[in-house]
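> need coordinates for the below:
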Amino acid sequence: FSALLQMERELHQQGRLLGHMPLRLEACPLAGPMLAHPLPQGWIGGCYDHVGVERPMQLLRDRVIDAWICDAVDDLPPPAGRPDLALHPLWRNPVALHAAPGHPLARERGLTNDDLRSFPCLDIPAGSFERSRNLLHGLGLDHRPTKLLPYSQTDWEDRAKDAFTLLCFTSLNRLANPDLVPLDAPAPFSNGGALVCHRDLADHPPIRMLLETLRFRLAQKAAAISDLERV
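As a prediction, this is how the structure comes out:
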C-alpha cells in the first residue's frame, strides 16, 4: 500500500510541475510567509506552523509538498544525511535574545550572561531544533518550557510580552512582529534560511522562478536590516 501511495504522490507532483495543479509551498512560521506572499502564480501555501525540521523534510521526501522555506539550515542534517534534498541558500542572520520594550534590560547596554541569568528564557522545544537548543542552553539561563507544537504566537512571542521573559528571535522575524526589541547582548548563535526541495527538482523552472522571487523580496527587506546577510 505504501509503495502505491508513493507512486501516486510522485504522479501528482509531476502533474503539478506540468501546471495541471498548483505547486505546494511550505514555510517556517514567521519569515517564510512574509517572503512568500503574495504567492507566485502557480503556487499555493501550506499551514506554515511546523516547528522543527523533521516534518517538512519528510513531506518533501514523500512529495506531498514541492518546496519549503527553512529558516534553520544549521539544524538540518549534514549533506550526507539528506542526499535526496537540495538547498538553495538565501540568508544568514544572528539569533538574538529579545524582550518586550518594557523589560528591565531593554534599554541597558553591554549586557553579560550574568545579567541575562536574572530572567527566564523560553526554551526551544526538545526534538525540534536540537543544535540551536543546545547552544541556547549553553548560556545557562533559566529555561521556561513551551510546547509550541504546532507553532502558535500565543505560546511564543506573546509570552515574552510580559516584560519579564526572554526569547530567541531574529531581525527578519521581528519584521513580522515588531513588538519585541533585541537586547544589547551577544547573540547566542546564528542560523540561515534556504529554499529546500527534492534534489531532482532543484533546477526545474517553477523552483527557479520561486527562488528568484524570494531573493528579490529578501533584497527589499535587507535594505532595512543591518545584520541580515544575503547569500
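> for this protein, just list every one of the strands.
23-27, 43-45, 67-70, 85-99, 120-122, 142-144, 167-169, 181-182, 189-198, 229-230 (DSSP state E).
> and those, which is most packed in?
Among these, ranked by average contacts under mean count of other Cβ atoms under 10 Å, first place goes to strand 67-70 (a mean of 25). The way it works is simple: take the backbone N, C-alpha and C, and place the C-beta from them, glycine included.
> hey, where'd the helices end up in the protein?
2-17, 31-36, 54-61, 113-116, 130-137, 171-176, 205-222 (DSSP state H).
> let me know the angle separating the longest one from helix 2-17.
Relative orientation of helix 205-222 and helix 2-17, computed by axes from the mean of the first three to the mean of the last three Cα atoms, to 10 degrees: 70 degrees.
> for the most centrally placed residue in the chain, give me its contacts.
Residue closest to the mean C-alpha point of the chain, counted by Cα atoms, centre = their mean, is residue 71 at 2.9 Å. For residue 71, the contacting residues are 28, 30-32, 170, 172-173, 191-193, by Cβ atoms under 8 Å, 6 or more residues apart in numbering.
> most widely separated two among these?
By the measure Cβ to Cβ, 30 and 192 form the most distant pair in the contacts of residue 71, at 14.8 Å.
> tabulate the helices of the chain in JSON lines, adding columns for mean pLDDT.
Shown next, in JSON lines, are those (pLDDT from 0 to 100):
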{"stretch": "helix 2-17", "mean pLDDT": "90"}
{"stretch": "helix 31-36", "mean pLDDT": "94"}
{"stretch": "helix 54-61", "mean pLDDT": "96"}
{"stretch": "helix 113-116", "mean pLDDT": "93"}
{"stretch": "helix 130-137", "mean pLDDT": "95"}
{"stretch": "helix 171-176", "mean pLDDT": "91"}
{"stretch": "helix 205-222", "mean pLDDT": "96"}
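> mean neighbour count, those: which tops it?
With a mean of 22, the top stretch among the helices of the chain by mean neighbour count (mean count of other Cβ under 10 Å) is helix 31-36.
> quick one: list the elements packing against that one.
Using 3 or more Cβ pairs under 8 Å, 6 or more residues apart in numbering; DSSP states H and E, the elements in contact with helix 31-36 are strand 23-27, strand 67-70, helix 171-176, helix 205-222.
> one step back: could you dump the contacts of residue 71 to JSON lines with distance to residue 110?
Listed next are those as JSON lines, based on distance: Cβ to Cβ, whole Å:
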{"residue": "28", "distance to residue 110": "31"}
{"residue": "30", "distance to residue 110": "28"}
{"residue": "31", "distance to residue 110": "28"}
{"residue": "32", "distance to residue 110": "33"}
{"residue": "170", "distance to residue 110": "21"}
{"residue": "172", "distance to residue 110": "25"}
{"residue": "173", "distance to residue 110": "24"}
{"residue": "191", "distance to residue 110": "24"}
{"residue": "192", "distance to residue 110": "27"}
{"residue": "193", "distance to residue 110": "29"}
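> picking up where we left off before, between the helices and strands packed on helix 31-36, which one is closest to residue 52.
strand 67-70 (10.3 Å).
> residue 46: neighbour count?
For residue 46, the neighbour count with other Cβ atoms under 10 Å is 18.
> need the contact list for it.
Neighbours of residue 46 in contact, by Cβ under 8 Å, 6+ apart: 24-27, 65.
> need the max-distance pair from these.
The most widely separated members of the contacts of residue 46 are 24 and 27, with 10.9 Å between them, by Cβ to Cβ.
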